[in-house]
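S.K.: sequence and predicted structure below; questions after.
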Amino acid sequence: MSSLSITGVTKSFGATRAVDDVTLDVPHGSFTTVLGPSGCGKTTLLRLIAGFLAPESGSIAFGDTVVAGDRVRPVPPQDRRVGYVPQEGALFPHLDVAANISFGLPREARATRGDDRVAEMLELVELPADFRHRRPDELSGGQQQRVALARSLAPAPAVVLLDEPFSSLDAGLRDSTARAVRRALQATNTTALLVTHDQNEALSLADQVAVMRGGRLVQSASPSEVYLSPSDPQVAEFVGRAVVLPGTAHGDRAACALGEVVLTSPAEGEVALMVRPEQVFVDLAHAEGVRGTVQEVSYYGHDCAVQVRLGDGTPVQARMAGVRHPVAGDTVHLRVTGLVRAYRPAGSP
Amino acid sequence: MHDTTGRHTPRLLLLAGAVVALLALVPLGYVATYVVVIGPVDLWHLLARPRIVELLTNTVSLALACMAATAALGVALAVLVERTDLPGRRLWHGLLVAPLAVPAFVNGYAWVSLNRDVHGFSGAFVVVTLSYYPLVYLPVVAMLRRLDPALEESAWSLGHSRARTFRTVVLPQLRPALLGGALLVGLHLLAEFGALSLLRFPTFTTAIYDQYGSTFNGAAATAMAGVLVLLCLVLLLAELRMRGDRRYARVGRGAARAAVPVALGRWRWPLLGAATGIVVLAVGVPAFSLLRWLLVGTSTEFPMAQLTEALVATVTLALAGAALTTVAAIPVVWLAVRHRGWASTVIERSTYVANALPGIVVGLALVVASLRLAPAVYQTAALLVVAYAILFLPRAVVTVRAGLEQAPAVLDDVAHGLGLGPLATARRVTLPLIAPSLGAGAALVFLAISTELTATLMLSPIGTRTLATEFWSASSELRYGAAAPYALLLVLVSVPATVLLMRTDTPATQTERVPA
């Protein structure tokens, strides 16, 4: 086990900079998710860490050992001690579960102690011990992913890298598999990096979320910080829903289409204000706040999303509990609760 | 050099692939060079003759007639077996594929030795159609099994009758399989030498052989080979286009359930009779003829020593050919699957051209090329084995490719991550995964070589007698009884390949299966 330090790493394919000057620290034993839309360079970053690709500049270190960097001969993947869990698991189809899990153990361990390790690993990923003789095509997608994780953890790697491991699973299985993977990684105190485009997955699993866009790392922070204080409005819109409104700030307050709001930090002049839909309170009973007309209601049971058009035509989304909700055509009043983050408007320096 | 995924392409691999591709292009290169060297005037003099016009008419008319007949017969039988309540459908399937186990030249021998009146256009048409209709029947059956019955059910629910649904929904989807199969029949027919020679129906292929054998007239033979190759390339291009379309036709992951069979009702007995008639003609006649010559033929003696010698020679050549062909396929497939790029595509396509090259052209090209460039290898077993490799490389490439696609590169990545170097990865991951397909590819090539006649006749070293050449020398001298034991062995050798082909679930469809 060790920490993972990525410093100023760049990698291009032809004219495209797939990974552009990325610096990221993953502390020992922690879990970081790299979140970004497809094509943002997150998988390339993972392949650079695994050693399948070599960076043009910058360096990658596991603990104190530099595995790729200037004037350092890149350490080949097989000598890096990375556990790699690709999409859909990629179990070796010609081997059973036990042989898959013990695949990375040294020859003598495969012959003798492999059995103990296999049992230990199956227990770790919460699979029954009698699964050891199953073949990969006799496992469900979620079970394949668990075995793939067990296989990567068996040789006690320095770092585990997971490439969208849950994206091929259906919704119910995705969450339970992700939880089991998280528990297994925590139990072994393994440093892990998971790449995903799913913001729920990124926020709910990680100690640290790194948001990538166009090859660059735009923000890395704890899940709550990324959600509550996104570094710019685009990150806000990518990580969760966001209403971005133009406004005028003066000190710790600002005026916008939703009335006066309180800012997280003081600002002056023209700003872009980011309001989360759950911060927009929909008042059905009183005529207090800004008047609007309900356009559409998406009802989810536990809550619902309400699209409201304000008097001046501004569209606003609100999220409210599903117990009592308006219907399309209703007139409602909106108020903003909690603090609002202000950004310099786009195009200004 | 880097491929389209940014991976480095090993130079040695590229070199190996290039060597294989160059070798595969020798026959085509020979014909093309010849045409350029001789010039248009002399070429015109060689080709603008009544004899050539007659050969062209013969070849094209027989090819078109057989393609049409095999298409009609193949589809009708496939629908009968797959979509009706015909009793004993599995048995019928086996019987209808069985003609593939009888090489066409053995079938020709069976007919002509029973009745000397079976000859000329009509004789060739009947024998070739009965030999080759399974090439249409099999892909159409596979396609019918893959079609999603929900499509037909949708059409019914929209108010179409069953007959109209077949015409508007099913038939258009069968079109790629049907046309692809018919074009394959055309390619086989253009290359067919033995059957047509026995049935005394001259086409380009038989004429080239006669020309080569009687007068060693290289110029005339090569000019005709040029025309033949041109005809083949037209069919190959058409077939390639069909292949491209076939992907669009494959809609689902295979039918989840079988379609509801059509009740035949009062048509049941007439259709049963028709199917029986086909099987009698396609399987019964050759079986009867062969057994008759084996049992009662006056000239039949059972020369065990000669038979054993021919069998050993055939097996030795086929083993060597299968090994060379499979080894040659590996770099081609590796480049095509793991290192996609223009160079890999050119190399793979070059080997594919051999699909259009009749054995006669490959034989002729290697005879001339070896005499010109390396006289020492002329009439050696090595040259014959190379000819086999050129002829049957496409089969090995297709099979090995399906295997390597089952071993995606991500498995190598995982193995590297688990601490394995490139050699250990090849030993513990890639080779175990592709071993079955290497074996299957080698087996297919082995069986194809065992029954190859044309190139073997032209290239086998003096004194080397194989099953095919022994069969040929006996039957072309009308010693039908003497030919019978060799014919029987040739049929027995063809049975395993036919059984392999009968299984319509290909490796490609297995990879699409999703674990529950």
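M.R.: Everything's here; your move. Numbers count the residues shown, from 1 in each chain, chains lettered A, B, ... in the order given.

S.K.: surely residue A:143 and residue A:131 touch.
M.R.: Yes: contact between residue A:143 and residue A:131 holds when scored by C-beta atoms under 8 Å: they sit 7.4 Å apart. Bear in mind the C-beta positions are built from the backbone N, C-alpha and C, glycine included.

S.K.: and the stretch 1-150 of chain A, which of its residues are near chain B?
M.R.: Residues of the stretch 1-150 of chain A lying near chain B by C-beta under 8 Å from any C-beta of the partner chain: A:13, A:50-53, A:76-84, A:86-87, A:90, A:92-94, A:103-104, A:136-141, A:144, A:148.

S.K.: related to what we said a few turns ago, please identify every residue contacting each of residue A:143 and residue A:131.
M.R.: Common contacts of residue A:143 and residue A:131 (C-beta atoms under 8 Å, 6 or more residues apart in numbering or on different chains): none found.

S.K.: how many other residues sit next to the residue in the stretch 101-250 of chain A that chain B sits nearest to?
M.R.: Going by C-beta to the nearest C-beta, chain B is nearest to residue A:104 of the stretch 101-250 of chain A, at 3.0 Å. Counted with other C-beta atoms under 10 Å in any protein chain shown, residues neighbouring residue A:104 total 24.

S.K.: how about the residue in the stretch 301-450 of chain B that chain A sits nearest to, what does it touch?
M.R.: Using C-beta to the nearest C-beta, the closest approach of the stretch 301-450 of chain B to chain A is made by residue B:418 at 3.0 Å. By C-beta under 8 Å, 6+ apart, the contact set of residue B:418 is A:78, A:83-84, A:103-104, A:151-152, A:155.

S.K.: could you rerun that using 10 Å?
M.R.: Residue B:418 makes contacts with A:77-78, A:81-84, A:100, A:102-105, A:151-152, A:154-155, A:157, B:424-425, B:428-429, as judged by C-beta atoms under 10 Å, 6 or more residues apart in numbering or on different chains.

S.K.: from those residues, which would you call buried?
M.R.: For those, a burial check counting by 16 or more other C-beta atoms under 10 Å in any protein chain shown picks out A:77-78, A:81-84, A:100, A:102-105, A:151-152, A:154-155, A:157, B:425, B:428-429.

S.K.: which bits of the stretch 151-300 of chain A sit near chain B?
M.R.: When proximity is defined as C-beta under 10 Å from any C-beta of the partner chain, the stretch 151-300 of chain A approaches chain B at A:151-152, A:154-155, A:157, A:159-161, A:163, A:168.

S.K.: give me the pLDDT value at the residue nearest in space to the middle of chain A.
M.R.: By C-alpha atoms, centre = their mean, chain A has its centre lying nearest to residue A:202, at 2.3 Å. With respect to pLDDT, residue A:202 scores 91.

S.K.: one more: residue A:61?
M.R.: Predicted confidence (pLDDT) at residue A:61: the value is 93.

S.K.: give me the distance between it and chain B.
M.R.: In this view, residue A:61 and chain B are 18 Å apart by C-beta to the nearest C-beta, to the nearest Å.

S.K.: and the helix or strand of chain A with the lowest mean pLDDT, how far out from the chain's middle?
M.R.: Least confident helix or strand, chain A: helix A:107-111 with a mean of 79, by mean pLDDT, DSSP states H and E. Centroid separation for helix A:107-111 versus its chain: 37 Å, with C-alpha atoms, centre = their mean, to the nearest Å.

S.K.: of all the residues in the helix or strand just after it, which ones are buried?
M.R.: Downstream of helix A:107-111, the next assigned helix or strand under DSSP states H and E is helix A:114-124. Buried positions in helix A:114-124, judged by neighbour count with 16+ other C-beta under 10 Å: A:114, A:117-118, A:121-122, A:124.

S.K.: which neighbouring elements make contact with helix A:114-124?
M.R.: helix A:97-101, helix A:107-111, helix A:141-153, helix A:171-187 (3 or more C-beta pairs under 10 Å, 6 or more residues apart in numbering or on different chains; DSSP states H and E).

S.K.: contacts for it, please.
M.R.: A:97-103, A:105-110, A:127-132, A:146-147, A:149-156, A:180, A:183-185, A:187-188.

S.K.: name the SS class of the residue in chain A sticking out farthest from the centre, please.
M.R.: For chain A, the residue at maximal distance from the C-alpha centroid (C-alpha atoms, centre = their mean) is residue A:287, at 40.0 Å. Residue A:287 falls in the coil class when you classify it by DSSP: H, G, I helix; E, B strand; the rest coil.

S.K.: for it, which non-adjacent residue is spatially closest?
M.R.: residue A:333 (5.7 Å; C-beta to C-beta, 6 or more residues apart in numbering or on different chains).

S.K.: the helix or strand containing the one you found pairs with which strands?
M.R.: Residue A:333 is located in strand A:331-336, with elements delineated by DSSP H and E. Sheet pairing of strand A:331-336 (DSSP bridges) gives strand A:280-283 (antiparallel), strand A:290-299 (antiparallel).

S.K.: middle-most residue in chain B, spatially?
M.R.: residue B:188 (6.9 Å).

S.K.: regarding residue A:5, what is its secondary structure?
M.R.: Three-state assignment for residue A:5 (three-state DSSP): strand.

S.K.: which SS state does the closest residue to it other than its chain neighbours fall under?
M.R.: Sequence neighbours aside, residue A:61 is the residue nearest to residue A:5 in space, at 4.6 Å (criterion: C-beta to C-beta, 6+ apart). The assignment at residue A:61 comes out as strand when based on three-state DSSP.

S.K.: surely residue A:61 meets residue A:23?
M.R.: No: counting by C-beta atoms under 10 Å, residue A:61 stays clear of residue A:23, with 11.8 Å between them.

S.K.: so the two - more neighbours on which side?
M.R.: Each of residue A:61 and residue A:23 has its neighbours counted (other C-beta under 10 Å); residue A:61 has more, 18 against 13.

S.K.: tell me the spacing between the residue nearest to the centre of chain A and residue A:157.
M.R.: For residue A:202, the distance to residue A:157 equals 22 Å [C-beta to C-beta, to the nearest Å].

S.K.: no further queries at this time; thank you.
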